[in-house]
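[1] Sequence and predicted structure are below.
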Amino acid sequence: MTTSIGIEQLIAAPPSFLAGKRLALLCNQASTDRHFRHSRDLIMQAFPKQLTCLFSPQHGFFCEKQDNMIESGHSIDAASGVPVFSLYGETRQPTAEMFEHFDVLLVDLQDVGTRVYTFIWTIVYCLQRAAETGKKVLILDRPNPVGGHIVEGNLLQPELRSFVGLHDIPMRHGLTIGELALLCNQELGIYADLEVIKMQGWRAEMFFTDTGFPWVFPSPNMPTPLTALVYPGQVIWEGCNISEGRGTALPFELVGAPFIKPQDVLQQVNATDQVGCVLRPLRFEPTSGKWAGQACAGFHIHVTEPQEFRAYRLSLALLRALLQLYPQDLAWKQPPYEYEYEKLPIDLILGDQQLREALEQGVVISELEQSWQEDLAAFEERRRAVFLYQ
């Protein structure tokens, strides 16, 4: 059965409360239906003259902006003539003035199932403003591309909250963007008027390739569903001088640096840390970003068994190995990172300074994983309260 997403369900059966309301839409170029028709156009057809403005998240409306802290400005949408307010520019938080343009905010964004992906935190800021201004938020749900049945990683520590984590959830959270918004709205005490238009035909055990739905890249370095599958682990390289494959055709699937000797690394990584994948040694040369124009030795991650693969475990194991082998060469990225100017980016990404210190000390990954099982069990109970799909 092919999954029917929130925007398609909205158009098929429009809620009566939208009649006559001024509508805003938080979206980007990946906000399309199965026929690649953009949500903005579908909403304009279904609700004539009701769309009054658009909002765009990180990377811009057309996903044209690379990396973090590369801002986009406000603009006018050529197709509709309405203003586009950037929520990754002079501010990450919408202003009360922006919210004067509409009555109901529709949200149609493709999340990737990883805490550090900023779209959900843009939504949280919108929920906070909606609660203050009495506006309704309607999320048009989309699949979690890495499934709703696998949860992985340590919980974010409260002192490390940032725009890559505003709530205490694990790296791989196993929720749709609608479910996660419900969780944050409740647990952060926002209590905005929030509703989710559910998908039809999506089950929590599905990966994106199981949905029958076409993938449209939601950010410039998320070109395929496989990218999303490795991202919950591979994103950690943004916190150091190891290339995560930006500037190549395989961002996040590649990892490397000029000083790495792949065979030495493989001897340091346990077989249990490589379940469901193959680490294929190779060399690559980024055209931009870290080590641009220099040959990097490292790995191409081939996921062979998605149900068994654990991205966070694998990337932590690789990071531990590199710290043991190349302590003089591996360097932590210095601030700023996502508008945090004092804390180490790797701490913000991992969500726990003690985890970074344990990796530096060579603690094995199985021991680290065991240390956060109690927290994960508690999170499992928390997330059940917002499940929309059984």
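    Done, it's in.

[2] going forward, measure contacts and count neighbours with C-alpha atoms only.
    OK.

[3] and the helix or strand of the chain with the lowest mean pLDDT, what other elements does it pack with?
    Using mean pLDDT, DSSP states H and E, the weakest-scoring helix or strand in the chain turns out to be strand 75-76, at a mean of 95. On a contact count with 3 or more Cα pairs under 8 Å, 6 or more residues apart in numbering; DSSP states H and E, strand 75-76 meets strand 83-86.

[4] For the strand it packs on, which strands pair with it and how are they oriented?
    strand 51-56 (parallel), strand 75-76 (antiparallel) (DSSP bridges).

[5] So which bits of the helix or strand following it are buried?
    For strand 83-86, the succeeding helix or strand toward the C-terminus, using DSSP states H and E, is helix 96-99. Within helix 96-99, the residues scored as buried using 16 or more other Cα atoms under 10 Å are Met98, Phe99.

[6] Please enumerate residues in contact with helix 96-99?
    Contact with helix 96-99 is made by Phe85, Arg129, Ala130, Thr133, Lys135, as judged by Cα atoms under 8 Å, 6 or more residues apart in numbering.

[7] ok, of these, which one's closest to Gly20?
    Lys135 (14.6 Å; Cα to Cα).

[8] Would you map the strands across the stretch 201-350 of the chain?
    With DSSP state E, counting those that start in this stretch, the ranges of strands along the stretch 201-350 of the chain come out as 254-257, 277-284, 296-303.

[9] Could you say which of the ones you listed is packed most deeply?
    Mean neighbour count (mean count of other Cα atoms under 10 Å) peaks for strand 254-257 among those, with a mean of 26.

[10] List the contacts of that one.
    When contacts are defined by Cα under 8 Å, 6+ apart, strand 254-257 is touched by residues 234, 241-245, 283-284, 291, 295-301.

[11] for those residues, which one is nearest Gly276?
    The shortest gap between Gly276 and any of the contacts of strand 254-257 belongs to Ile301, at 10.2 Å (Cα to Cα).

[12] My read is that that closest one contacts Leu279, right?
    Yes - using Cα atoms under 8 Å, Ile301 is in contact with Leu279, at 5.0 Å.

[13] what's the burial count for Ser371?
    Using other Cα atoms under 10 Å, Ser371 has 12 neighbouring residues.

[14] Turn the strands of the stretch 201-350 of the chain into a markdown table, columns for distance to Leu182 and mean pLDDT.
    A markdown table is the format used below for the strands of the stretch 201-350 of the chain (distance: least, Cα to Cα, whole Å; pLDDT from 0 to 100):
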| stretch | distance to Leu182 | mean pLDDT |
| --- | --- | --- |
| strand 254-257 | 34 | 98 |
| strand 277-284 | 33 | 98 |
| strand 296-303 | 31 | 98 |
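
[15] do you know which of those strands lies nearest Gln328?
    Minimum separation from Gln328 across these (Cα to Cα) falls at strand 254-257, 13.2 Å.
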